[in-house]
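**Q** got a structure for you, letters missing:
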C-alpha cells in the first residue's frame, strides 16, 4: 500500500450541535477487514474466517464480527461527528442482521439529546446495508469538543496480509 495524501478532519463543537442533526458515512466490508479485525480482537470464531465452516451455519457464508459494526460507529464519531476531540463515553448496540463480505454499510448517526453541564451528546446510531436493511442499532454517549479543530488525520503505516497490500 502506498501512503495516501493526508486528510483534513474538522469537528463540530458542542454549541454548534443541534438536536436531530445527522451524519451518514458508508463503507464496504471486505474479507481483509474481517481478517484484520480478527487479528486485532483475537476473535477467531470460524463463522468469521472459515468459509467451509460458515457454510454449515444458518448464515451459509462467513459473517463480519458484530463489534466491527461498533468500531464503525466509533470511527464515525471520531472522524465525522462530532469529530476530533470527541470523548466516547458509552455505546449500546443490538445486532439484527448479519453483515457479509462486500456488504456496503451506511452508518447513520443523529443527535437525540444534549446535556449542557458535561457537553454530553446522546447519539442514535443505525447501520443499514446496501439493501436498506438495518443490521445494527444503538446509542452512543459522547462528550463533544468545546473548541473548533481542523487537523490532518494520522497517516497509518503500510499493512499487508500475506503478500497483498491492504488499503485503509
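**A** Perfect, thanks for sending it. The shown structure was predicted, so the numbers you read here are calculated from the model rather than taken from an experiment.

**Q** What is the longest strand along the chain packed up against?
**A** For the chain, the strand reaching the highest residue count under DSSP state E is reported as strand 104-115. Applying 3 or more Cβ pairs under 8 Å, 6 or more residues apart in numbering; DSSP states H and E, we find strand 104-115 packed against strand 22-28, helix 66-79, strand 120-128, strand 134-143. For every residue, glycine as well, the C-beta is placed using N, CA and C.

**Q** so which of these gets nearest residue 98?
**A** strand 134-143 (7.3 Å; Cβ to Cβ).

**Q** Against which helices or strands is the closest one packed?
**A** Using 3+ Cβ pairs under 8 Å, 6+ apart: strand 134-143 touches helix 66-79, strand 87-95, strand 104-115, strand 120-128.

**Q** thinking again about what came up before, what strands line up against the longest strand of the chain, and which way round?
**A** Strand 104-115 sits in its sheet next to strand 22-28 (antiparallel), strand 120-128 (antiparallel), going by DSSP bridges.

**Q** These: which one's closest to residue 135?
**A** strand 120-128 (5.2 Å).

**Q** between that closest one and strand 87-95, how many degrees?
**A** 30 degrees (axes from the mean of the first three to the mean of the last three Cα atoms, to 10 degrees).

**Q** any chance of the helices and strands packed on strand 134-143 in JSON lines, plus distance to residue 53, mean pLDDT and mean neighbour count?
**A** Below are the helices and strands packed on strand 134-143 laid out as JSON lines (distance: least, Cβ to Cβ, whole Å; pLDDT from 0 to 100; neighbours: other Cβ atoms under 10 Å):
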{"stretch": "helix 66-79", "distance to residue 53": "17", "mean pLDDT": "97", "mean neighbour count": "19"}
{"stretch": "strand 87-95", "distance to residue 53": "20", "mean pLDDT": "97", "mean neighbour count": "14"}
{"stretch": "strand 104-115", "distance to residue 53": "23", "mean pLDDT": "98", "mean neighbour count": "17"}
{"stretch": "strand 120-128", "distance to residue 53": "25", "mean pLDDT": "98", "mean neighbour count": "21"}
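
**Q** got the ones you listed as a markdown table, with distance to residue 155 columns?
**A** Conversion of the helices and strands packed on strand 134-143 to a markdown table gives the following (distance: least, Cβ to Cβ, whole Å):
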| stretch | distance to residue 155 |
| --- | --- |
| helix 66-79 | 14 |
| strand 87-95 | 22 |
| strand 104-115 | 23 |
| strand 120-128 | 27 |
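
**Q** follow-up on the earlier one: which of the helices and strands packed on strand 104-115 sits closest to residue 149?
**A** Taking the helices and strands packed on strand 104-115 one by one with Cβ to Cβ, helix 66-79 is closest: 12.1 Å.

**Q** Right, I'll call it a day here.
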